[in-house]
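Trainee: Okay, structure incoming, though there's no sequence with it:
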């Protein structure tokens, strides 16, 4: 089945170029009808992935992402012409699955899209329990005593890998390779943001010590 990508980019030339590039690769594409009703358009779309520009007419793409992520877990890759590290950290902390700067390398962009879609298709109905916490891979959630913490796809991938190797050290390189398929394409800060966010959610469930950092080695799920 063809995957659909929703391109949210206000530069019409770039938007059309992206659409042509993606359609040549066999993807279906969708574009905004306008920029005033973007939140509703995103929620009602059946897209498999969103390409979301940070700078949009009248609104900030990062805030749009944060609102969307609180309701849906469809993968989102942020696009920006800015190079500040803060933009990347904010995007990842708001739930972005990846981040790429413009002018983008078409091959790199296609690789990242493929990697994110591959990760999102790995979700199954499997569930398991960790220290009393009900872990639902399908829902992407952790549940304990009626309290639910929803994880992003990246957070769930990290948690599941740590769970599979519980008690063992999982290196940063291993995590980055699993998350992004090729660790050379990932800024190290993005992994740190995902780990920090996952720790916070586990702490909300009363497990602040769940993930231990081993300096220069990696992480251990206790």
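Mentor: Received the coordinates, thanks. Values in this document were obtained by computation on a predicted structure and should not be read as measured data. Numbers count the residues shown, from 1 in each chain.
Trainee: Now do the strands in the protein.
Mentor: For the chain, applying DSSP state E gives strands covering 4-8, 28-30, 49-53, 55-56, 59-60, 76-80, 98-101, 127-130, 133-136, 141-144, 147-150, 211-214, 218-221.
Trainee: of these, which approaches residue 117 most closely?
Mentor: strand 49-53 (5.9 Å; CB to CB). Any C-beta I mention is one placed from the backbone N, CA and C, and that applies to glycine too.
Trainee: May I see the strands of the chain organised as JSON lines, with mean neighbour count added?
Mentor: Putting the strands of the chain into JSON lines (neighbours: other CB atoms under 10 Å) gives the following:
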{"stretch": "strand 4-8", "mean neighbour count": "21"}
{"stretch": "strand 28-30", "mean neighbour count": "17"}
{"stretch": "strand 49-53", "mean neighbour count": "23"}
{"stretch": "strand 55-56", "mean neighbour count": "16"}
{"stretch": "strand 59-60", "mean neighbour count": "13"}
{"stretch": "strand 76-80", "mean neighbour count": "23"}
{"stretch": "strand 98-101", "mean neighbour count": "20"}
{"stretch": "strand 127-130", "mean neighbour count": "14"}
{"stretch": "strand 133-136", "mean neighbour count": "18"}
{"stretch": "strand 141-144", "mean neighbour count": "20"}
{"stretch": "strand 147-150", "mean neighbour count": "15"}
{"stretch": "strand 211-214", "mean neighbour count": "14"}
{"stretch": "strand 218-221", "mean neighbour count": "20"}
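Trainee: Distance to residue 200 and mean pLDDT for those strands - can I get that in a markdown table?
Mentor: Formatted as a markdown table, the strands of the chain follow (distance: least, CB to CB, whole Å; pLDDT from 0 to 100):
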| stretch | distance to residue 200 | mean pLDDT |
| --- | --- | --- |
| strand 4-8 | 28 | 97 |
| strand 28-30 | 33 | 97 |
| strand 49-53 | 23 | 95 |
| strand 55-56 | 28 | 88 |
| strand 59-60 | 23 | 85 |
| strand 76-80 | 20 | 88 |
| strand 98-101 | 20 | 82 |
| strand 127-130 | 16 | 83 |
| strand 133-136 | 15 | 88 |
| strand 141-144 | 12 | 91 |
| strand 147-150 | 9 | 90 |
| strand 211-214 | 11 | 95 |
| strand 218-221 | 15 | 95 |
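Trainee: Sounds good, over and out.
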